[in-house]
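Novice: Model the structure of this input:
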Amino acid sequence: MKIPEKVILTEVGMRDGFQFETRVVPTQLKIKIINRLAQAGLAFIQIASFVNPKLVPQMADADRLLQYLPPESKNQKNKNPVCTALVLNPKGVQRAFEAGFSHVEISVSASETHGRKNTGMSLVQAIESGKKMIEMAENFEMSIILSIQCAFGCVYDGHVPFERVINMVETFLGSAVNSSIARISLADTTGMATPVMVTDSIKRLTLQINEIPTGLHLHDTRGLGLVNLMAALECGVAYFDTSFAGMGGCPFVKGAAGNISTEDTAWLLKTLGIETNVDIFQIAECSRRMEVFFDKTFPGKIHKITDYLKTNPLLNKDRHISTGTGS
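Specialist: Take a look at the predicted model:
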């Protein structure tokens, strides 16, 4: 496969990043961060998940976020950025639709134990729920990203057979009747993927399903996040979830760590000559602001050295990743 010339990043810090923190982010601060991320050129921003607010209080305002955004930042079709939401059950799909979302990520775990901890459903129940979610989203004329959690293993169950992942994807694709699934996302929820696993998994999935693009949701739990991204690039993957400052983690995964950093990923891709169309410096402003808010240092690297990077010719020659303020 040819390494893609352009990569699409989906910013998940608003969801995956905030859900892992105990201090609740006020809605108005979320709106400011969303708007700055939008100005940074991101095509997709996952701003919320429709889950039980008693279990994940950071997402208690998910139903209200869109109404505070200006028109250019909403999830209207054919507009950038697209604001998406993650859903784990049919009730979540209903809530997302009523809140005004037209793009949802339907996420189902391939791990029995993780699925029970995360959603209270067995694997069999989760698959049936996933089919129902797809049916509902199609009826609502939503665009769907199909996400398989723990696609590369689980800290509770250990090895997850990739045949199971392929079977789940085929089952869900078979239940979709309106070609509404825009992308398949393999999620390394517990950070167990290795470059060999990534390469093998993508090749096997592509052999089975080649008409729908594949993306990756990578966590850097064992320090292999960007290495796994490189392996995926060599397989032609052009869609990745990233989180500003490297925030993130599943509250129901022991030893969870953040996603690959948006800034670190954009910088790596820039050094490879791959276009992302994002402004590292505006994203880094969000990262530093949230480090102050949470009073902690996040694992990303690039947002800490942007003053130095502003003098780097590699950035200055391309205004897509600029030294400007976005105004």
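Novice: what about E105, how many neighbours?
Specialist: For E105, the neighbour count with other CB atoms under 10 Å is 26. All C-beta atoms are positioned from the backbone trio N, CA, C, and that covers glycine.
Novice: should've said L272
Specialist: 12.
Novice: same check, this time on F50
Specialist: 25.
Novice: Next up, the contacts around it.
Specialist: By CB atoms under 8 Å, 6 or more residues apart in numbering, the contact set of F50 is 59, 62-63, 85-88, 91-93, 95-96, 99.
Novice: now those in TSV, with secondary structure, pLDDT and distance to E163?
Specialist: Compiled in TSV, these are given as follows (DSSP: H, G, I helix; E, B strand; the rest coil; pLDDT from 0 to 100; distance: CB to CB, whole Å):
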residue	secondary structure	pLDDT	distance to E163
M59	helix	97	33
A62	coil	97	34
D63	coil	96	38
A85	strand	98	30
L86	strand	98	25
V87	strand	98	26
L88	coil	97	23
K91	helix	98	30
G92	helix	98	28
V93	helix	98	27
R95	helix	98	33
A96	helix	98	31
A99	coil	97	36
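Novice: buried subset of these?
Specialist: Buried subset of the contacts of F50 (neighbour count, 16 or more other CB atoms under 10 Å): M59, A62, D63, A85, L86, V87, L88, G92, V93, R95, A96, A99.
Novice: Please look at the fourth one and A48 and confirm they touch.
Specialist: Yes: contact criterion CB atoms under 8 Å: A85 and A48 qualify, at 5.0 Å.
Novice: Now list whatever residues contact both of those two.
Specialist: R15, A62.
Novice: what about the strands in the stretch 151-300 of the chain?
Specialist: Using DSSP state E, counting those that start in this stretch, the strands of the stretch 151-300 of the chain run over 181-188, 214-218, 239-242.
Novice: thinking again about what came up before, closest to A232 among the contacts of F50?
Specialist: L86 (20.7 Å; CB to CB).
Novice: So the closest one is in contact with H103, correct?
Specialist: No: L86 is beyond contact range of H103, at 10.6 Å (criterion: CB under 8 Å).
Novice: how many neighbours does T271 have?
Specialist: 9.
Novice: Sorry, slip of the keys, the one I care about is I106.
Specialist: Considering only other CB under 10 Å, I106 is surrounded by 28 other residues.
Novice: Begin at 11, not 1, for the rest of this chat.
Specialist: With the count now opening at 11, the last piece we talked about shows up as I116.
Novice: Tell me which residue lies nearest the centroid of this protein.
Specialist: D251 (3.7 Å; CA atoms, centre = their mean).
Novice: How much space separates it from I219?
Specialist: 19 Å (CB to CB, to the nearest Å).
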